[in-house]
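**Q** please work out how this folds:
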Amino acid sequence: MTTAVPVIDGWFTIDEPPTLLGRRCTECGTYQFPPTGSWCPNPGCISEDMETVPLSATGTVWSYTDAQYQPPPPYVSRNDPYQPFAIAAVELEREQIIILGQVADGFGVGDLRVGSTVELVVEPLETDGETVKLVWRWRPVVSGEAGDAR
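**A** Sure thing, here's the model as predicted:
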């Protein structure tokens, strides 16, 4: 039996639909991702009261590029030989933060445009036969097909 787990525990869910997990300051409402800080990232706020919250599952492409070279370890490549992949910086409208992530399998820079909509998906990164490690990625959305925008 194979078990699926997030590659980084506590950063996203693998439920359907998947969700990134962030932190939100209960004092000023500033969001943070990844959810690793214990104080508000807003320099004008001194609160240490942060709550874990689900983030928007869709966003707008702010910028994008492709990785033409193989990143050094600990990066794990599923393809041998290495195949370039696209990376998108995505702005979440409600949270007003930008989250960097790979673009879903089967999509590249030719499928992206600044201002276009993408949605969060979870895809396998690697497996050892017993455990499949999953990562989040951004998948371009065809107009009118976005999933739950939370």
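
**Q** leaving out the residues flanking it, which one is nearest to L20?
**A** L55 (4.3 Å; Cβ to Cβ, 6 or more residues apart in numbering). All C-beta spots, glycine's among them, are computed from the backbone N, C-alpha and C.

**Q** okay, now the one you found: neighbour count?
**A** 23 (other Cβ atoms under 10 Å).

**Q** can you give me the distance of it to D15?
**A** 14 Å (Cβ to Cβ, to the nearest Å).

**Q** likewise E119?
**A** 15 Å.

**Q** got any ranges where the protein has weak pLDDT?
**A** 78, 143-150 (pLDDT under 70).

**Q** check contacts around the residue lying closest to V114 once chain neighbours are set aside.
**A** Excluding the flanking residues, the one nearest V114 by Cβ to Cβ, 6+ apart is V61, at 5.6 Å. The contact partners of V61, by Cβ atoms under 8 Å, 6 or more residues apart in numbering, come to A88, A89, V90, L112, R113, V114, G115, S116, T117, V118, W138.

**Q** can you put those in JSON lines and add secondary structure?
**A** JSON lines is the format used below for these (DSSP: H, G, I helix; E, B strand; the rest coil):
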{"residue": "A88", "secondary structure": "strand"}
{"residue": "A89", "secondary structure": "strand"}
{"residue": "V90", "secondary structure": "strand"}
{"residue": "L112", "secondary structure": "coil"}
{"residue": "R113", "secondary structure": "coil"}
{"residue": "V114", "secondary structure": "coil"}
{"residue": "G115", "secondary structure": "coil"}
{"residue": "S116", "secondary structure": "coil"}
{"residue": "T117", "secondary structure": "strand"}
{"residue": "V118", "secondary structure": "strand"}
{"residue": "W138", "secondary structure": "strand"}
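
**Q** just to revisit the earlier point, can you give me how far the helix or strand hosting the residue nearest to V114 is from the chain middle?
**A** Here V61, judged by DSSP states H and E, is contained in strand 58-67. Computed by Cα atoms, centre = their mean, to the nearest Å, the chain-centroid distance of strand 58-67 equals 11 Å.

**Q** closest to D105 out of the contacts of V61?
**A** Closest approach to D105 among the contacts of V61 (Cβ to Cβ): W138, at 11.4 Å.

**Q** for the closest one, list each beta-bridge partner.
**A** Counting by DSSP bridges, W138 is bridged to V103, L120.

**Q** do you know how far L125 is from N79?
**A** Distance from L125 to N79, by Cβ to Cβ: 12 Å.
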